[in-house]
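S.K.: Below are the sequence and a predicted model for it; my questions follow.
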Amino acid sequence: MASVPHGYMLGAFTYGKICGRNAVESIGSLKDSRLDDGQIKAEHRRVLRPVSQPDGIPPHQFEYKLRRHVNDYLQPPKSAYRLEKGLEFFERAREELEQLGATDPHELMRANEAHFIRDCAEMAARASLFRTESRWGLYHHRLDFPEMDDANWFVHVNLKKGADGAMNLFRRPVEPYVFSLDAEELRSYHRLRIESLAA
């Protein structure tokens, strides 16, 4: 169910479990699993920075602004222009994260959640730009690429962080379905977006 675009929290929980399991397996296979003390200290400073600047940007204000930009630039119908403008904002927002302040543990939690929301917004923008087709009805409808393209895009789009910290995108094949689907069933979700006839 996590592969269904409107899975929302169900999808997040499912993917979170898969990612957690894969992370544990990956760590177990490492020959050199020593911790990087410098990386741990840097992350500790990042997480606690807002409490050292209580007069910084309130986390709820930053989150409100960020979510408004998600709605303005990532909602369908999508276009490269709007996605790129959104991506520019999300990249600038990374710098604003360093200006967040917190006066109590709740605000500190909200400040750190803002990092995750910004990361998800950037991932969504980059993945939407990468997939140059329309799919899943209205969920990923590109004005500049209105047709579904199974020849090139019947794949999962995945992201991973490179050594330089940048997000890298790649395609991963779709595993065979547990139950085979005919052509009609494969297209049923796409037809959930009903177009009204012109008067």
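M.R.: Received it, and whenever you're ready, just let me know what you need.
S.K.: those strands in this structure, which residues are they?
M.R.: Assigned by DSSP state E, the strands in the chain fall at 155-161, 167-173.
S.K.: In terms of secondary structure, what does the last one contact?
M.R.: Packed against strand 167-173, as judged by 3 or more C-beta pairs under 8 Å, 6 or more residues apart in numbering; DSSP states H and E, are the following elements: helix 105-130, strand 155-161. The C-beta positions use only the backbone N, C-alpha and C, and glycine is treated the same way.
S.K.: could you dump the strands of the chain to a markdown table with distance to residue 10 and mean pLDDT?
M.R.: Shown next, in a markdown table, are the strands of the chain (distance: least, C-beta to C-beta, whole Å; pLDDT from 0 to 100):
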| stretch | distance to residue 10 | mean pLDDT |
| --- | --- | --- |
| strand 155-161 | 17 | 91 |
| strand 167-173 | 21 | 94 |
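S.K.: can you put the helices and strands packed on strand 167-173 in JSON lines and add mean neighbour count?
M.R.: What follows is these, written out as JSON lines (neighbours: other C-beta atoms under 10 Å):
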{"stretch": "helix 105-130", "mean neighbour count": "17"}
{"stretch": "strand 155-161", "mean neighbour count": "12"}
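S.K.: so which of those comes closest to residue 82?
M.R.: Across these, residue 82 has its closest neighbour in helix 105-130 (9.4 Å, C-beta to C-beta).
S.K.: mean confidence for the closest one?
M.R.: Per-residue pLDDT values over helix 105-130 give a mean of 95.
S.K.: Low-confidence stretches in the protein?
M.R.: 1-8, 191-199 (pLDDT under 70).
S.K.: mind redoing it with 80?
M.R.: Across the chain, the ranges flagged by pLDDT under 80 are 1-13, 15, 32-34, 177-178, 181, 183-199.
S.K.: follow-up on the earlier one: would you turn the strands of the chain into JSON lines with distance to residue 189?
M.R.: Output for these, formatted as JSON lines (distance: least, C-beta to C-beta, whole Å):
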{"stretch": "strand 155-161", "distance to residue 189": "15"}
{"stretch": "strand 167-173", "distance to residue 189": "19"}
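S.K.: Please name whichever of those is nearest to residue 33.
M.R.: Among the strands of the chain, the nearest to residue 33 by C-beta to C-beta is strand 155-161 (18.8 Å).
S.K.: now that closest one against helix 105-130, angle please.
M.R.: Here the directions of strand 155-161 and helix 105-130 differ by 130 degrees (axes from the mean of the first three to the mean of the last three C-alpha atoms, to 10 degrees).
S.K.: Within the sheet, what are the partner strands of strand 155-161, with directions?
M.R.: Taking DSSP bridges as the criterion, strand 155-161 forms sheet pairs with strand 167-173 (antiparallel).
S.K.: mind checking which of the strands of the chain is nearest residue 62?
M.R.: strand 167-173 (20.7 Å).
S.K.: ok, back up a step: what about the strands of the chain, which gets the closest to residue 54?
M.R.: Residue 54 lies closest to strand 155-161 among the strands of the chain, at 30.9 Å (C-beta to C-beta).
S.K.: Nice, that's everything, thank you.
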